[in-house]
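Trainee: Could you work out the structure for the sequence below:
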Amino acid sequence: MISKILIEKARKIKLVVTDIDGVWTDAKIYYTNDGEFMKSFSYYDGMATALLSAAGIPTAIITGEDSAPVAARAKKLKIEDVFLGVQDKLKVFETLLDKYKLNPSQVAYIGDDLNDYTVMQVAGLTASPSSTPAFHLLKPDVLLERAGGEGAFREFADLILASHK
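Mentor: Okay, the predicted model is just below:
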């Protein structure tokens, strides 16, 4: 059962910001003989972006990796705000606040590791996949049942969308 406090936090959300590796992926990188790498993404997470968009809630990506597969996935999903190779995620998060004229309580963030810590301290609603190695440090509002790469982002989106009904 979801607490009333969590529902109230989720009801305020107008933008969802997400890390990718370990959230949309299983945190594995597959290298080919040519040195290129591959990642796998869950269709469930892709559908989540469409559902959020239909509800008027955009999705933004902030990731530390400068990754062609992530750029391609974001393009396919028509995600406008995509920030690759980011070292200071909080600075980009603040740029998104300005762009959308939101305060932190209106923005949700899902991350799984230490490079997500600063944003998770200010976002209005936070979550981590069950596979996070840093739950004890990140202390998200929600520890999701699904692991990274297995629909964790969709689970988080569904929680937010359910609160808007």
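
Trainee: Which residues does D81 form beta bridges with?
Mentor: A60 (DSSP bridges).

Trainee: Contact partners for it?
Mentor: P58, T59, A60, I61, L96, K99 (C-beta atoms under 8 Å, 6 or more residues apart in numbering). (Glycine included, C-beta is placed from N, CA and C.)

Trainee: Distance check, it against D112.
Mentor: 19 Å (C-beta to C-beta, to the nearest Å).

Trainee: rewinding a little: neighbour count added to the contacts of D81, as a markdown table?
Mentor: Listed next are those as a markdown table, based on neighbours: other C-beta atoms under 10 Å:
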| residue | neighbour count |
| --- | --- |
| P58 | 18 |
| T59 | 25 |
| A60 | 22 |
| I61 | 25 |
| L96 | 17 |
| K99 | 13 |
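
Trainee: How confident was the prediction at the spatially most central residue of the chain?
Mentor: Note on the chain: the residue nearest the mean C-alpha position is T18, at 1.9 Å, using C-alpha atoms, centre = their mean. Per-residue pLDDT puts T18 at 98.

Trainee: Could you do E145 as well?
Mentor: So, for E145, pLDDT stands at 97.

Trainee: Am I right that it sits in a strand?
Mentor: No - with DSSP: H, G, I helix; E, B strand; the rest coil as the criterion, E145 is coil rather than part of a strand.

Trainee: That one contacts D158, correct?
Mentor: No - taking C-beta atoms under 8 Å as the definition, E145 is not a contact partner of D158, at 11.1 Å.
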